[in-house]
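Participant: Pasting the sequence and the predicted coordinates here, then a few questions.
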Amino acid sequence: MSQQHTPQMPWMIYGANGYTGELIAREAAKRGLKPVLAGRSRDQVEALARELGLEARVFGLDDPLRLLAQIKGLGLVLHCAGPFSATAAPMMEACLHAQAHYLDITGEIAVFEHAQSLDARAQAAGVVICPGVGFDVVPTDCVAAALKAALPDATHLALGFDSRSSFSPGTAKTSVEGMAQGGKVRRDGRIVSVPLAYEVRRIDFGAGEKLAMTIPWGDVSTAYHTTGIANIEVFIPGSVAMIRGARFANLIRPLLGLAWVQRRLKARIGKTVVGPDLQRRADQGTYVWGEARNPRGERKVARVHTANVYSLTIDAALSVVGHLLQERPGGGAYTPAKLLGADLVTQLPGSGALSIE
């Protein structure tokens, strides 16, 4: 059963005490929005809520009944607490039971695939499940959708981005998990495991040609659900040394996957990694690129220049929140471009036009 959506529909940012969650909470308050701020860290959540004049709730995700009680009556949850490999499934489940829309800012392939597996249940509940409403994967998903429209019979899709942004602690921890799992591409409709830096080629993302390598990015899942294109790879620029390092990591992947190694690496990140400040974010725009090919050898290339990773994540997430607060889409599992269209990225502050050639 679909809910009545009004601008006053109560909603929550879970993980508001994290780097990106706090940035989104501050911008939401600046725009006059009134999300409930929630997370596990009482001191941080309550201090931020006091400062912004918002309601605070403190709870973890390990008790399903308590979790459900905390989100009952909300219309939407924007989930910002990673690593999403551990946190997304329980929050999605609670949202389905509470009939609250679920959004998150993940880039993790397994989370996107899990969301798609819930499509029928989400339809029945009248709930939108749309992970990846941040930099992962809004700009690349929009590029994928635009290329599908430009070359409808495309069978191969390559996507990529050139970003100079540094990591937040949560993103760095997720990347450590990703290295242990190796590379991923989509072949003939199926996601398959490949070595890190499996393919290397030269790409002009928008600022001149660079050496680039494949990475296990979320679009390996989402772009397929957006476009139906069966063969998908995602690239980022990589120096010769970086590519060599990724290929060396293939040799020690069994070691990287050990629980104690993961714990030590993540603990080190927690102590040493700090997300970029406002000045650094302002200086870090991103070039986003895509290429579609069909069986006749025809090729279309798309490019768009966007704001930095974190500013885009704030604006994209709040754009999707705003859409769901005011519109009444049917329930189901969505990708960002499926929910709001290929032009979502160009409507965000700091984005240029999306060009196709």
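Facilitator: Nice, I can see it.

Participant: can you list the residues that contact stretch 36-54?
Facilitator: 10-18, 21-22, 25-26, 29, 34-35, 55-60, 70, 74, 81 (CB atoms under 8 Å, 6 or more residues apart in numbering). Backbone N, C-alpha and C define where each C-beta goes, glycine included.

Participant: Mind giving me the ChimeraX command for buried ones among those residues?
Facilitator: Selection of buried members from the contacts of stretch 36-54 for ChimeraX, criterion 16 or more other CB atoms under 10 Å:
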select :11,12,13,14,15,16,17,18,21,22,25,29,35,56,57,58,59,70,74,81
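
Participant: Give me the subset of the contacts of stretch 36-54 lying in helices.
Facilitator: Those of these mapping onto helices are 21, 22, 25, 26, 29, 70, per DSSP state H.

Participant: what about the stretch 201-350 of the chain, any weak spots by pLDDT?
Facilitator: Residue ranges of the stretch 201-350 of the chain with pLDDT under 70: 250-284.

Participant: Which residue ranges of it form helices?
Facilitator: 219-227, 240-251, 253-256, 259-272, 278-282, 309-326, 336-340 (DSSP state H, counting those that start in this stretch).

Participant: which strands and helices sit next to the last one?
Facilitator: Just to be clear, that refers to helix 336-340. Counting contacts by 3 or more CB pairs under 8 Å, 6 or more residues apart in numbering; DSSP states H and E, helix 336-340 packs against strand 128-130, helix 138-150, helix 219-227, helix 309-326.

Participant: now these as JSON lines including mean neighbour count?
Facilitator: Converted to JSON lines, these look like this (neighbours: other CB atoms under 10 Å):
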{"stretch": "strand 128-130", "mean neighbour count": "25"}
{"stretch": "helix 138-150", "mean neighbour count": "27"}
{"stretch": "helix 219-227", "mean neighbour count": "27"}
{"stretch": "helix 309-326", "mean neighbour count": "22"}
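
Participant: Adding distance to residue 341, write those out as TSV.
Facilitator: As requested, the helices and strands packed on helix 336-340 are exported to TSV (distance: least, CB to CB, whole Å):
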stretch	distance to residue 341
strand 128-130	13
helix 138-150	7
helix 219-227	11
helix 309-326	10
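
Participant: how about the ones you listed, which one is nearest residue 338?
Facilitator: helix 219-227 (5.6 Å; CB to CB).

Participant: which residues make contact with the closest one from outside it?
Facilitator: Outside helix 219-227, the residues that touch it by CB under 8 Å, 6+ apart are 109, 112-113, 116, 132, 137, 140-141, 144-145, 147-148, 154, 157, 159, 184-186, 189, 191, 229-230, 232-234, 333, 335-338.

Participant: which of the residues you listed count as buried?
Facilitator: Among the contacts of helix 219-227, those classed as buried by 16+ other CB under 10 Å are 109, 112-113, 116, 132, 137, 140-141, 144-145, 147-148, 154, 157, 159, 184-186, 191, 229, 232-234, 333, 335-338.

Participant: now for the helices and strands packed on helix 336-340, which one comes closest to residue 205?
Facilitator: Closest to residue 205 of the helices and strands packed on helix 336-340, according to CB to CB: helix 138-150, at 11.1 Å.

Participant: what does the domain assignment say about this structure?
Facilitator: The chain is divided into the following domains under automatic domain parsing: 11-135+311-341, 138-309.

Participant: Just name the most buried of those domains.
Facilitator: domain 11-135+311-341 (a mean of 21; mean count of other CB atoms under 10 Å).

Participant: mean confidence score for stretch 86-101?
Facilitator: Regarding stretch 86-101, the rounded mean pLDDT is 98.

Participant: Touching that stretch from outside, list them.
Facilitator: Taking CB under 8 Å, 6+ apart as the rule, stretch 86-101 contacts 1, 3, 14-15, 61-62, 64, 67-68, 71-77, 79, 81, 102, 104, 106, 108, 111, 114-115, 118, 121-122, 125-131, 324.

Participant: Inside strands: which ones of those?
Facilitator: Among those, the members falling in strands (DSSP state E) are 14, 76, 77, 79, 102, 104, 128, 129, 130.

Participant: Quickly note the distance from the spatially closest residue to the third one that is not a sequence neighbour to residue 243.
Facilitator: So that's residue 77. In this structure, residue 77 finds its nearest non-sequential neighbour in residue 12, 4.9 Å apart by CB to CB, 6 or more residues apart in numbering. Separation of residue 12 from residue 243 (CB to CB, to the nearest Å) stands at 41 Å.

Participant: do residue 224 as well
Facilitator: Taken as CB to CB, the span from residue 224 to residue 243 is 26 Å.

Participant: Ok, residue 40 next?
Facilitator: From residue 40 to residue 243 the distance is 38 Å (CB to CB).

Participant: Columns distance to residue 356 on top of the domains of the chain, output as JSON lines?
Facilitator: JSON lines is the format used below for the domains of the chain (distance: least, CB to CB, whole Å):
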{"stretch": "domain 11-135+311-341", "distance to residue 356": "15"}
{"stretch": "domain 138-309", "distance to residue 356": "5"}
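
Participant: This completes my enquiry, with thanks.
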